[in-house]
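Q: Please work out how this folds:
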Amino acid sequence: MLDRLNQAMEHIEDHLDQHIEASALARITVTSEYHFRRLFSSLAGMPLSEYVRRRRLTVAGAEVLAGEPTLLEIAVRYGYSSGEAFARAFRAVHGVGPGEARRTGAALNSQPRLSFRLTVEGNSTMRYRIVEKEAFRVVGKRARVPLIYHGANPHIAEHIRSIPPETMQRIAGLSDQEPEGVVSATVRLSDGFEEGSELDYYHAVATTAAELPEDLDVLDCPAGTWAVFENTGPFPQALQQMWADVAAQWIPSNPYEYRPGPEILRTHPTQHDPAQSDSQLWIPVTRTTVKPTIGGSEGNGPAGADNDR
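A: Alright, predicted model coming up:
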């Protein structure tokens, strides 16, 4: 998988002056477009479209400073319909317009090329199982919140506090299957994984109940495969690390890819230490027909995106 991701990065570099289809990159990596966008964003820390835009404007910036060709020719080469549109995009990345940059030789920002490698620590083992589930529903109370990678999310905490105890009792009473009890379910609203991107967050249960209260929010989950990960550790740090490890280590090295659906989390304080939590993370996946490949160099962290120097 990592070799194929790097081949996709080469394709981007070879086609910066052309329209780049995410579907073409997905074909190179032998995955679905949904999975490719999701995996790229989680590893690179930005949406695919943003990376392509930054790379184009990095290369365009070098041509602007070189003095040839004309600014309009550069704009058209990199897909901008007018000099004004190019100038706006150029200023957003570099903090200065292309005309001023050419006149003054201004310092510009650069988005380095990305490459992906696997680095091996060997200091942890991921516990997981594969579960086939029939169709079910996530039922509870929904809120739109920003993604926060580190520490507690105050927007989620505020949403949970706003749910009346009587409503929570009714929600909990609908639970009739795994993951049992009250869970958190998140649905990403874009392919971006950057800090602050929006999520639909459900404080809810998994259920097949036919009759549901009208005041509750419902998310339908079709039948499919789920990868279930478990760990124990300080909350929320251990959970957030597990979430990152799924994307950076487990997905690239196992014959599964993401499929559309919510990510469902069940956490409970441990019996002996309330600062520690037992966590289950349910990720919707589908099995691939291509055996994963692991390549690259060893280092000091999980699999991820590196900047080529």
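Q: longest helix of the protein?
A: With DSSP state H applied, the helix covering the greatest number of residues in the chain is identified as helix 48-66.
Q: buried stuff in it?
A: Buried residues in helix 48-66, defined by neighbour count with 16 or more other Cβ atoms under 10 Å: 48, 50-61, 63-64. Where C-beta positions appear, they are placed from N, C-alpha and C, glycine not excepted.
Q: Output the contacting helices and strands for that helix.
A: With contacts taken as 3 or more Cβ pairs under 8 Å, 6 or more residues apart in numbering; DSSP states H and E, helix 48-66 sits against helix 2-14, helix 33-44, helix 71-77, helix 83-94, helix 98-104.
Q: hmm, try it at 10 Å
A: Secondary-structure packing of helix 48-66 (3 or more Cβ pairs under 10 Å, 6 or more residues apart in numbering; DSSP states H and E): helix 2-14, helix 22-29, helix 33-44, helix 71-77, helix 83-94, helix 98-104.
Q: re the thing from before, nearest to residue 107, of the buried residues of helix 48-66?
A: residue 61 (10.0 Å; Cβ to Cβ).
Q: Could you list the low-confidence segments of this structure?
A: Residues of the chain meeting the criterion pLDDT under 70: 118-126, 149-151, 191-195, 289-309.
Q: contacting residues for residue 75?
A: 60, 64, 81-87, 89-90, 98 (Cβ atoms under 10 Å, 6 or more residues apart in numbering).
Q: now, the most widely separated pair of those?
A: Once Cβ to Cβ is applied, the contacts of residue 75 give 64 and 81 as the farthest pair, at 17.8 Å.
Q: ok but residue 142 is inside a strand, no?
A: Yes. Under DSSP: H, G, I helix; E, B strand; the rest coil, residue 142 sits within a strand.
Q: chain center to stretch 42-52: distance?
A: Its chain's average C-alpha position is 9 Å from that of stretch 42-52, according to Cα atoms, centre = their mean, to the nearest Å.
Q: now swap in stretch 141-160 and tell me
A: Centre-to-centre, stretch 141-160 and its host chain are 16 Å apart (Cα atoms, centre = their mean).
Q: Quick check: buried residues in it?
A: Applying 16+ other Cβ under 10 Å to stretch 141-160 flags 141-143, 145, 147-148, 153, 155-156, 159 as buried.
Q: Surely residue 61 is in contact with residue 105?
A: No. Distance between residue 61 and residue 105: 11.6 Å, which falls outside the contact criterion (Cβ atoms under 10 Å).
Q: who are the neighbours in contact with residue 27?
A: With Cβ under 10 Å, 6+ apart, residue 27 has these contacts: 4, 8, 11, 21, 33, 36.
Q: any idea how far it is from residue 7?
A: In this view, residue 27 and residue 7 are 11 Å apart by Cβ to Cβ, to the nearest Å.
Q: cool, and residue 196?
A: Taking Cβ to Cβ, one finds residue 196 at 31 Å from residue 7.
Q: What's the local residue count around residue 208?
A: 12 (other Cβ atoms under 10 Å).
Q: ok, which stretches of the stretch 101-250 of the chain are helices?
A: 154-162, 165-172, 237-245 (DSSP state H, counting those that start in this stretch).
Q: now the helix or strand just after the last one, how far from the centre of its chain.
A: Beyond helix 237-245 in the direction of the C-terminus, DSSP states H and E gives the next helix or strand as strand 256-258. In terms of Cα atoms, centre = their mean, the gap separating the centre of strand 256-258 from the centre of its chain is 13 Å.
Q: now swap in stretch 6-16 and tell me
A: 20 Å.
Q: Same question for stretch 65-76.
A: 35 Å.
Q: Tell me what angle the longest helix of the chain forms with helix 83-94.
A: If you take axes from the mean of the first three to the mean of the last three Cα atoms, to 10 degrees, helix 48-66 sits at 100 degrees to helix 83-94.
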